[in-house]
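> here is my input, please return the structure:
(2 chains)
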Amino acid sequence: MARTISYQQAIGEALDQEMARDETVVIMGEDVAGGAGSPGEDDAWGGVLGVTKGLYGKYGDRVMDTPITESAFIGAAVGAATAGLRPVAELMFIDFMGVCFDQIFNQAAKFRYMFGGKAETPVVIRTMYGAGFRAAAQHSQCLYPVFTHIPGLKVVTPATPYDAKGLLIQSIRDNDPVIFCEHKALYTIEGDVPEEAYAIPFGEANVTREGDDVSIVTLGRMVHVAEEAATALEKDGISCEIVDLRTTSPMDEDTIIETVENTGRLVVLDESNPRCSIATDVAALVSQEAFSALKAPIRMVTAPHVPVPFADNLEDLYIPDSGQVQQAVRTVMGKD
Amino acid sequence: MSESIRALCMPKWGLSMKEGTVAAWLMDEGDEVSPGDEVMDVETEKISSAVESPDGGVLRRRVAEEGETLPVGAILGVLADEDASDADIDAFVEEFQANYVPPADDEEDTGTATEVVEVSGRSIRYLKRGQDGVPVILVHGFGGDLNNWLFNHEALAAKRAVYALDLPGHGSSDKDVGEGSVAALAGVLAGFLDALGIDKAHFVGHSLGGAIVLKTAIDHPGKTASLTLIGSAGLGPDINDSYLSGFISAERRKDLKPHVEQLFSDPALVTRQLINDLLAFKRIDGVQAALETIKAAFAPDGCQALIMRDEIEKLDIPILVVWGSGDQIIPVSHSEGLPSSLRVEVMGGQGHMVQMEAASEINKLIDDLIG
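Numbers count the residues shown, from 1 in each chain, chains lettered A, B, ... in the order given. Sure thing, here's the model as predicted:
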């Protein structure tokens, strides 16, 4: 039966249920148990945000604290996956992924292809992304477009507790490497989540609001910004349809084209920087496949092409907000 | 003020309904209304249906406007005798509005909370409405849950206790279906009655649920006061096998929708929310296996395994058989050639989910049958 829990609890519950179901599922990362040398299960920290709290006490050595060397433990996770385990590695901030690009891009993503389909790499890399925490340029980026670019990786960006649990379970059961991106600002949001385990298939976008005038295609935290904008626009008689992509690789192209054919207008809302982003990808797809359905040019609402600022007031300006979305919607409606 | 002035209010269909939008009035001010008459069409995020008047009288005032979205319990219109004055009606509406408190978002509505009971090691979820009398038990079909009765449950509960349950493998009940046969599920239903201390009940079953209540009546005649079989299994070999297989295998909205549309005479009733709810159910661990097990036992090789036409003749209880003439899942021909002691009603133009699409007629038929 469903009850209300947070995004953070939904992720912890998915890990717990999959570890109980399948003993090849292991967790590794910085502080995921509680820090080497701490007294143990009772005060184990469970990761920087406590997502894995309680799992060390339950599963012992299947929850492994690692040294602060992303290149080493991500490489170990990839290798363990090829050897039969299903590791879920927690790489604290997506910004740190750079030091292990070879392990991810050249190794994990390529094994299935280069070994003639005979190799499987069922590794999940969980990671935090996004701005809004006054954490400056090296801890605030939205780098999912970088991974979406690489064939052989699957990329997941859940927006709600329900999706976080179902998509993480699917990620763990999937036989390919998955980059599981958790927005920092979403950990405390709450929603209805079934107690039972369930898996949401990849490549199935979620239409979170039906409307007739404008489609807003978005993902992750921005789904909630889109909802806020759509609620405000409804009062002015503008009806928005919101598509939450849920996964950027694979991407549900059919639902994107379907919504644009329904409304004839598209705003793409993406927190990542604008060049070579999910926004440009969706805009290119629609230009190519649904151009004749468009009644107005596509508008992209994204962060600017600058690093995430540290100054509070500049960071607030950096993150796309409801006002910018409303403005873009009015523009495609010809009402600005 | 006249006692005869009564409010017609926004109904609550199902556990999650908070508000509804008035799609269209079906009656004009001054029209004579009988209990059960359809007065207006209301849309919710899950489903659209007609609002039936619980009372008779003259529709004196249309308070809600078409297109207006109102919370559950809000006043939609006013019924009264012809002799009530307009001033009385105005005063009534004013007083209602002054006292009306919309249900809070986070308020636990104890009147509509489901409960769970243990039946031979399985947890079974059910919803009880109404009190007293010989209770009615509502049993849904393959892939359904207790919400399939959202337009029937409340109406039937006006006169007696009415229970709707989630069968094993369905809704929020345990996903262990055992061997999954009609007989095994009938055993669970009998256990459900025992667990709740119900000696005797009026059974209403839809589709697979029809076969289950029929089998229960055959195995436990003493527990059965009457039977209502709606688009029921167990009365002939035919069943839409591609529906059953397609419903089980579909993992995505686009794959599931065409199958679910076959259930209704009006495919527009299959909203995005309805499909999302079904997908959320189907994704839960164990559901796929439960549905496959039930199908293998209930309809192996594309035909129903258990046909109870011979046994139905021997049952000495009131039996009502209802079918939609356009049922695409189990053919209406299964309603033909039944013993003349049974009441058989075929609803023209209706589909398999006739209890939802023609709820007021079916509620009346059931009320007539069980008195």
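> in the stretch 1-150 of chain A, which ranges drop under the pLDDT threshold?
Along the stretch 1-150 of chain A, segments meeting pLDDT under 70 span A:35-44.
> all helices of it, in order?
With helices called from DSSP state H, counting those that start in this stretch, the stretch 1-150 of chain A shows them at A:7-21, A:55-59, A:70-82, A:101, A:111-114, A:144-148.
> for these, which one ends up most surrounded?
Using mean count of other C-beta atoms under 10 Å in any protein chain shown, the stretch among the helices of the stretch 1-150 of chain A with the greatest mean number of neighbours is helix A:144-148 (a mean of 23). For the C-beta atoms, the positions are set from N, CA and C on the backbone; glycine is no exception.
> so what's the gap between it and the chain middle?
Offset of helix A:144-148 from its chain centre (C-alpha atoms, centre = their mean, to the nearest Å): 10 Å.
> what's in contact with the following helix or strand past it?
Sequence order places strand A:154-156 as the next helix or strand after helix A:144-148, per DSSP states H and E. Residues outside strand A:154-156 that contact it (C-beta atoms under 8 Å, 6 or more residues apart in numbering or on different chains): A:144, A:147-148, A:167-168, A:171, A:174, A:176-181, A:202, A:246-250.
> average pLDDT for strand A:154-156?
Here strand A:154-156 scores 98 as its mean pLDDT.
> pLDDT at the closest residue to A:Glu253 other than its chain neighbours, what is it?
Nearest residue to A:Glu253 in three dimensions, chain neighbours excluded: A:Leu285, at 5.9 Å (C-beta to C-beta, 6 or more residues apart in numbering or on different chains). Confidence at A:Leu285, expressed as pLDDT, is 98.
> the one 5 residues further on too?
On pLDDT, A:Ala290 comes in at 96.
> correct me, but it touches A:Thr263?
No. Applying C-beta atoms under 8 Å as the test, A:Ala290 and A:Thr263 come out as separate, 10.6 Å apart.
> between these two, which is the more surrounded one?
A:Thr263 (22 against 19; other C-beta atoms under 10 Å in any protein chain shown).
> show me the contacts for the more buried one.
Neighbours of A:Thr263 in contact, by C-beta under 8 Å, 6+ apart: A:211-215, A:241.
> out of these, which comes closest to chain B?
The nearest member of these to chain B, counting by C-beta to the nearest C-beta, is A:Glu241 at 10.4 Å.
> quick check: closest non-adjacent residue to that closest one.
Using C-beta to C-beta, 6+ apart, the closest residue to A:Glu241 is A:Gly211 (3.9 Å).
> just confirm yes or no for the lowest-mean-pLDDT helix or strand in chain B near chain A.
Sorted by mean pLDDT, DSSP states H and E, the helices and strands of chain B end with strand B:48-52, the least confident at a mean of 82. No. Legend: contact between strand B:48-52 and chain A by C-beta under 8 Å from any C-beta of the partner chain is lacking; minimum distance shown is 13.7 Å.
> quick revisit: mind picking the two most distant members of the contacts of A:Thr263?
Greatest spacing in the contacts of A:Thr263, by C-beta to C-beta: A:Asp212 and A:Ser215 (9.8 Å).
> about what we covered before: I'd like the contacts of A:Thr263 as JSON lines, with secondary structure and neighbour count appended.
Putting the contacts of A:Thr263 into JSON lines (DSSP: H, G, I helix; E, B strand; the rest coil; neighbours: other C-beta atoms under 10 Å in any protein chain shown) gives the following:
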{"residue": "A:Gly211", "secondary structure": "coil", "neighbour count": "19"}
{"residue": "A:Asp212", "secondary structure": "coil", "neighbour count": "13"}
{"residue": "A:Asp213", "secondary structure": "coil", "neighbour count": "18"}
{"residue": "A:Val214", "secondary structure": "strand", "neighbour count": "30"}
{"residue": "A:Ser215", "secondary structure": "strand", "neighbour count": "30"}
{"residue": "A:Glu241", "secondary structure": "strand", "neighbour count": "24"}
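> switch these over to CSV; also include pLDDT.
What follows is the contacts of A:Thr263, written out as CSV (pLDDT from 0 to 100):
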residue, pLDDT
A:Gly211, 95
A:Asp212, 95
A:Asp213, 97
A:Val214, 98
A:Ser215, 98
A:Glu241, 97
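> adding distance to B:Leu227, write the helices of the stretch 1-150 of chain A out as CSV.
What follows is the helices of the stretch 1-150 of chain A, written out as CSV (distance: least, C-beta to C-beta, whole Å):
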stretch, distance to B:Leu227
helix A:7-21, 41
helix A:55-59, 49
helix A:70-82, 56
helix A:101, 68
helix A:111-114, 57
helix A:144-148, 57
